[in-house]
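task: produce atomic coordinates for the following.
(chains A, B and C)
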Amino acid sequence: MPELPEVETSRRGIEPHLCNQKITAIIVRNRQLRWPISVRLQKEATASTINAVRRRAKYLLIDTSQGCIIIHLGMSGSLRMIDNKVPAEKHDHVDIVLSSGQALRLRDPRRFGAVFWTKNDPLKHLRLKDLGKEPLEDALTAEWLYGQSRNRKRAIKSFIMDSKIVVGVGNIYACESLFLAGIHPNKPAGKLSMQRWEKLTHAIKDVLSKAIKQGGTTLKDFTRSDGQPGYFARQLTVYGREGKPCKKCGETLKKITQGQRSTFYCSQCQK
DNA sequence: CGAGCAACCTGCATGC
DNA sequence: TGCATGCAGGTTGCTC
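Coordinates of the predicted model:
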């Protein structure tokens, strides 16, 4: 159930185990993910060498000497490093087996995730080419968001979750960011003042980077077969806390539905 | 442009 | 114990 911090935490966890390794085999037990896994993946990536593990939005990019493996974890995907003798369990769909004797194993019960293979620039891939700004990069500024939001009537929550604008702000962190910035989730994006955009931009960067930092400390060993690599305890202020008191003012937190997703907020703190 | 909805799929909590 | 229901951290793509 990964949002951007989980994906970045996964990236950091697997990177040292993957870099400079040769891929000796790719085992696909079930190709039917969000999009079917191409047979070319096994044919063309086997025997290649891994050069780097990058991230763009919630996509992991495994650069190899022959092309790039693009992985999205969807709602329920997780990655871990395993000893390649460890038997696969029910939802373990893909193993990327390495010369070290380890393998990168993808588990995804709901199969909303995806694995793509491309020989071209992965950033030009159909699923990546129209993605918006990275929230943690300096290029994402309040000024830019303010400009993008002018004359837009969409609810602010749906606006910041739009991956054509800014990537990586999932349902949890959208709720948390809006609370931190004191902005009502239904506020039309185009009506936010520059000052409030500054607060919100800061809140988004703050919430995401703190979650990554926390993931980094909680996630010590990505190679163990127990535990749940990629997941870590979150300290949430509003998400999932409807009916409970606001940690700031004590008001009972509310839950509404926006675009088929649950939104949690405090009607006192967020206007 | 944007709201609303269905779709992809499985697991889990809840209530009867 | 079984069964039905509703919900879940993502994303695409359609209609109106």
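
for the rest of this, base every contact and every neighbour count on C-alpha atoms.
OK.

now for A:Glu3: which residues touch it?
Neighbour list for A:Glu3: A:Lys58, A:Gly168, A:Val169, A:Gly170 [criterion: C-alpha atoms under 8 Å, 6 or more residues apart in numbering].

okay if I get those residues as a markdown table plus distance to A:Pro2 and secondary structure?
Rendered in a markdown table, the data for the contacts of A:Glu3 read as follows (distance: C-alpha to C-alpha, whole Å; DSSP: H, G, I helix; E, B strand; the rest coil):
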| residue | distance to A:Pro2 | secondary structure |
| --- | --- | --- |
| A:Lys58 | 8 | coil |
| A:Gly168 | 10 | coil |
| A:Val169 | 11 | coil |
| A:Gly170 | 9 | coil |
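
so what's A:Glu251 up against?
A:Pro245, A:Cys266, A:Ser267, A:Gln268.

and it, how far from DNA strand C?
Counting by C-alpha to the nearest atom of the strand, to the nearest Å, the separation of A:Glu251 from DNA strand C is 20 Å.

any part of the strand or helix carrying A:Glu6 near DNA strand C?
Assessed by DSSP states H and E, A:Glu6 sits inside helix A:4-18. No - using C-alpha under 7 Å from any atom of the strand, helix A:4-18 never reaches DNA strand C; the gap is at least 7.5 Å.

for the lengthiest helix in chain A, packing partners?
For chain A, the helix with the greatest residue count under DSSP state H is helix A:194-218. Here helix A:194-218 touches helix A:4-18, helix A:142-149, helix A:171-181, going by 3 or more C-alpha pairs under 8 Å, 6 or more residues apart in numbering; DSSP states H and E.

buried residues in the helix holding A:Glu6?
A:4-15, A:17-18 (16 or more other C-alpha atoms under 10 Å).

repeat that for stretch A:128-148.
A:Leu128, A:Leu131, A:Gly132, A:Lys133, A:Glu134, A:Pro135, A:Leu136, A:Leu140, A:Thr141, A:Ala142, A:Leu145, A:Tyr146.

which bits of the stretch 101-250 of chain A sit near DNA strand B?
So the stretch 101-250 of chain A meets DNA strand B at A:Pro109, A:Arg110, A:Arg111, A:Phe112, A:Asn151, A:Arg152, A:Lys153, A:Arg154, A:Ala155, A:Ser158 (C-alpha under 7 Å from any atom of the strand).

picking up where we left off before, quick check: of the buried residues of helix A:4-18, which lies closest to A:Pro36?
Within the buried residues of helix A:4-18, proximity to A:Pro36 (C-alpha to C-alpha) peaks at A:Val7, which comes in at 21.2 Å.

circling back to that earlier point, average pLDDT for the longest helix of chain A?
Averaged across helix A:194-218, pLDDT comes to 90.

so what touches it?
Contacts of helix A:194-218 (C-alpha under 8 Å, 6+ apart): A:4-6, A:8-9, A:135-136, A:141-143, A:145-146, A:169, A:173-174, A:176-178, A:180-181, A:183, A:230-234.

how far does it sit from its chain's centre?
Offset of helix A:194-218 from its chain centre (C-alpha atoms, centre = their mean, to the nearest Å): 14 Å.

returning to what we had before: can you redo the buried residues of helix A:4-18 as CSV with pLDDT?
Listed next are the buried residues of helix A:4-18 as CSV, based on pLDDT from 0 to 100:
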residue, pLDDT
A:Leu4, 93
A:Pro5, 91
A:Glu6, 89
A:Val7, 92
A:Glu8, 92
A:Thr9, 90
A:Ser10, 91
A:Arg11, 93
A:Arg12, 91
A:Gly13, 90
A:Ile14, 93
A:Glu15, 94
A:His17, 95
A:Leu18, 97
